[in-house]
Structure formats: C-alpha cells, structure tokens
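Novice: Predicted model and sequence below, questions to follow.
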Amino acid sequence: QKARGEPADAADMGLTVRLNERAGAAWTIDPATGKAGRSTPRRTDTEIQVCARCHSRRSQLTDQAVAGQPLLDAFRPALLTEGLYYPDGQILDEVYEWGSFLQSRMHQAGVTCSDCHDPHSGKTRLPGDRVCAQCHPAERYAAKAHHFHPEGSPSASCIACHMPTTNYMVVHARHDHSMRVPRPDLSVALGTPNACSRCHSDQTPQWAAQQVEAWYGHPDHGWQRYGLPFAAASAGLPGAAELLAGVIADPQTPAIARATALQALGPYPGREAFGLLQGGLGSEDPLERLGALTGVEAFASGASALAIAPLWDDLRAIRIEAARQVASIPQVQLREAARERLAAGIGEYVAVQTFNAERPESQVNLAGLYADLKRPGEAEAAYREAIRLQPDFIPAYANLAQFMSSAGRETEAEGVLHSGLQRHPKAAALTHALGLSLVRQK
C-alpha cells in the first residue's frame, strides 16, 4: 500500500505480517568452542514459512494465500523424496532452498533467513565467507588447521565445502542450503555427490574419504545422518523399516527428514510401523503429520481409517489429503460428525484440484476421487481431460486403462494403452499394463 502511495497504518505499514523474529536477539560466540548461540531462542518460524511460499518445491492449493498464515494452509511442500533429493538430502532436482535449510544445523540452532540474507535485495548481508564469519570466527574456521587447503584459495572457502552449487537451467548455480560437512564416505556407499570430489574430479570418492579421515582422525558424519536408511528404503532392502524407525525416533533428526521417513514407512507393514504412523499423525509438527498421512495410504488395506482423525486438522494440505483417503471408505461406516467433516474435506479437495485444473495431474487426482466416490462418468471425463491437456502424460493413460479394466471394459482399456504407446512406444509402465490386460483377456 505504502509503495503505491496509498494510506497505510503506521503500525503495520500495510503489511499482513511483521517479521520480527530477529528483534532483540543476538548471536554470541563461545570462546572455548568457537560456536555461536542465540541470546534468546527462536520460538516461531513465521519468516521461514513466508520465504518458503516462493523458495520451496511445492504445489499451490489456493490463491487465497496470505503472508503470515501457515505454509501448509495454502501450499503442499515436497518432502525429501526420491528424484528431488539424493538419499542423504542433498539437492538433486530444482528444489530451491527451504527443504534444504530445514535439514541444517543452522535452522536447528535458531538461524532464520534474514540472519544471512537482506530480505529486500535477496543478497547476503556480507559478501562471500564473511557472512559465515558473523557466527563462525575466521581465526578458527578460515584457518588451515580447519580446512587443510592453502589459505585464501577457492578450496578454503566455507561456501565451497559446506554449500556446494548445482547448476539449473544450465546457467543458474544454486547453493545447497543444508550446510553439511562433506561426506565422501557416503559417495562410496551410495553414489551421492560430495564437495571434495567436485574439485578433485581426478580422484575417487574413496581417496577423498581416506583423506578426510587422515585429517580429522575419524570420519565426520555431520548433522544429517539419514542417507543410508533412505537409500535402503528406496531399494526395498531388508531391514529398511528398522532403519527408518531409527530416523523417526531420533529427536535430533530434522523434522522434514522424520516426515520423509514416515512417508517411506508405508510399504513396510507391521505393528511397530503402524504405531509410528499413528504417532506421526498426532505430531505437533505439520510436516510429520503430512508424511505420516502419506505413509498410511501405502501401508496396508484398511489402514486409511487412520486418516479420519486428520479430517479435523487446522491445515488445508493435511485435511484434503485425509479426505481423499477416507473417501474410499463406505460412509455407512463413519459417524455423522466424520461424514460432515469428510464432505467438507472433499469439497476443499475438489476446489484445490479445480484451482490447478490446467494441470493433467490435477485431473488425474479428481478422477481418482470420483472413482472412490462411485461417480464413474465424472472419473472417466477427468482422465480424458488429463490426456487432452497433456497427451504425453503417461499416468493418465495407465490410470484410465486400470479404471476401465476394473469396470469390465478390458478391450477399451487395451485401446487406451495402445494409444499411449503410439506416442511413447518405450513407456515401461504402459507396456507392463498392456501385458497384464492381454493376460486378463487370455
């Protein structure tokens, strides 16, 4: 308002939220350890959630998004899912900064975005490593005894080691904001990248891991210790459920990683996993509730009854996910209050998908909901609209064919799969589905 020359109340300057989490707080350095501590704990994360509206990988749920409201009331952010992040949480696809920063020890200690960045220019408050030196004394951390590289060289930079870049759109080098120690030992075990090998491309990760151990006397595992559990879960290895349970139980694990572990627990049904998912649904952290809810869907037949409680959640992203899952339960099995909440949640879910109706994913989401609600005409129309919007969207063909097959329309299902394969003859999912259709037709 004020920028447009309109009257604005002096108290709020026309803004919807006051970002004052840094007010009255200072960072003091312990001379014995060289570590910084915040003078008063950061008890809220309003600023981080405001920044996440743009600086996160997320889907938008509504255009009624007001700065200062909880992030999950207007957006559904991505967790540390395969294809977006490496198993250890490093950036892989374009995920921006929020999901990485939530993994960092800095976030855990109370650092917020504007501690490092000027919120108006977006630039760091000080150039280069000097922004790090606000809390990490240069005499301790910019010394060769810490980084073991020639002082003043590019390899001695805090940012080069702890915030390496990945290029997106060819030219945009984006820093990984998880601010982790280099883990060449994980590169050996999992094939993940590490800062050492980015510079020493002529050496193997095994060489880098041995060098780190020689310098420090032990391998430094750092703050983020969930690479092996997430890799095991992704590969479906025996014992993955126990490893995920360890991630969930560790209070030092970042909440976004615990949420990801809950999400990954779904394919491992068992009594302990069931209890962990129940506990996740009751967590105070909304990301953990969302992760648990996603895990519940994949857990086992009938487990979606657990999603009834989240129908009452304060946050739209969680309510509508619960409604989508509960929609498959016959309503005669629900109490009246649950039926009313379900109807409201379904209405919100449809509104969200309609808001994103130009996307084929939203049409497929609507089709799945309508199929659960026993509204086959609307389901088929939504699947066909997804194909019309994006003829290269393979899941629309596969899901429409499955929908037709379940209705006894097997020859039509086969025709849909053939039409998809005409556009994408090497699509494994469609080829597999076609094989199953031919088996069913003998």
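Specialist: Structure received. Numbering: from 1, shown residues only.
Novice: Might you report the residue contacts of residue 123?
Specialist: residue 117 (Cβ atoms under 8 Å, 6 or more residues apart in numbering). C-beta: built from backbone N, CA, C; applies to glycine.
Novice: Can you name the residues in contact with stretch 125-145?
Specialist: 27, 29, 34, 36, 115-118, 124, 146-147, 150-151, 156-159.
Novice: so how far is that stretch from its chain's centroid?
Specialist: Counting by Cα atoms, centre = their mean, to the nearest Å, stretch 125-145 is centred 30 Å from the centre of its parent chain.
Novice: Tell me the buried residues in that stretch?
Specialist: Neighbour-count burial for stretch 125-145, counted by 16 or more other Cβ atoms under 10 Å, picks out 129, 131, 132, 133, 135, 136, 137, 141, 142.
Novice: With only the CA atoms kept, save it in PDB.
Specialist: Output of stretch 125-145 as PDB, limited to C-alpha atoms (Å, rounded to 0.1, in the frame of the first residue of the first chain):
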ATOM      1  CA  ARG A 125      24.300  -9.400   4.300                       C
ATOM      2  CA  LEU A 126      28.100  -9.600   3.800                       C
ATOM      3  CA  PRO A 127      30.000 -10.900   0.700                       C
ATOM      4  CA  GLY A 128      31.300 -14.400   0.400                       C
ATOM      5  CA  ASP A 129      32.600 -16.200   3.500                       C
ATOM      6  CA  ARG A 130      32.200 -13.000   5.600                       C
ATOM      7  CA  VAL A 131      28.600 -13.800   6.100                       C
ATOM      8  CA  CYS A 132      29.600 -17.100   7.700                       C
ATOM      9  CA  ALA A 133      32.100 -15.300   9.900                       C
ATOM     10  CA  GLN A 134      29.200 -13.500  11.600                       C
ATOM     11  CA  CYS A 135      28.900 -16.600  13.700                       C
ATOM     12  CA  HIS A 136      31.900 -18.700  12.800                       C
ATOM     13  CA  PRO A 137      35.100 -16.900  13.800                       C
ATOM     14  CA  ALA A 138      37.500 -16.600  10.800                       C
ATOM     15  CA  GLU A 139      40.600 -17.200  13.000                       C
ATOM     16  CA  ARG A 140      39.200 -20.600  13.900                       C
ATOM     17  CA  TYR A 141      37.300 -21.700  10.800                       C
ATOM     18  CA  ALA A 142      39.200 -19.900   8.000                       C
ATOM     19  CA  ALA A 143      42.500 -21.400   9.300                       C
ATOM     20  CA  LYS A 144      44.400 -24.200   7.500                       C
ATOM     21  CA  ALA A 145      44.100 -26.300  10.600                       C
END
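Novice: pLDDT (mean, whole number) over it?
Specialist: For stretch 125-145, mean pLDDT rounds to 93.
Novice: How about stretch 102-122?
Specialist: Stretch 102-122 comes out at a mean pLDDT of 94.
Novice: Do me a favour and get the end-to-end distance for it?
Specialist: Length of stretch 102-122, first residue to last, Cα to Cα, to the nearest Å: 19 Å.
Novice: How far does it sit from its chain's centre?
Specialist: 18 Å.
Novice: So which of the buried residues of stretch 125-145 are in helices?
Specialist: Taking DSSP state H as the definition of helices, the buried residues of stretch 125-145 contribute residue 141.
Novice: so which of the buried residues of stretch 125-145 comes closest to residue 377?
Specialist: residue 131 (58.3 Å; Cβ to Cβ).
Novice: Quick one, which of the contacts of stretch 125-145 are buried?
Specialist: 36, 115, 116, 117, 146, 147, 156, 157, 158, 159.
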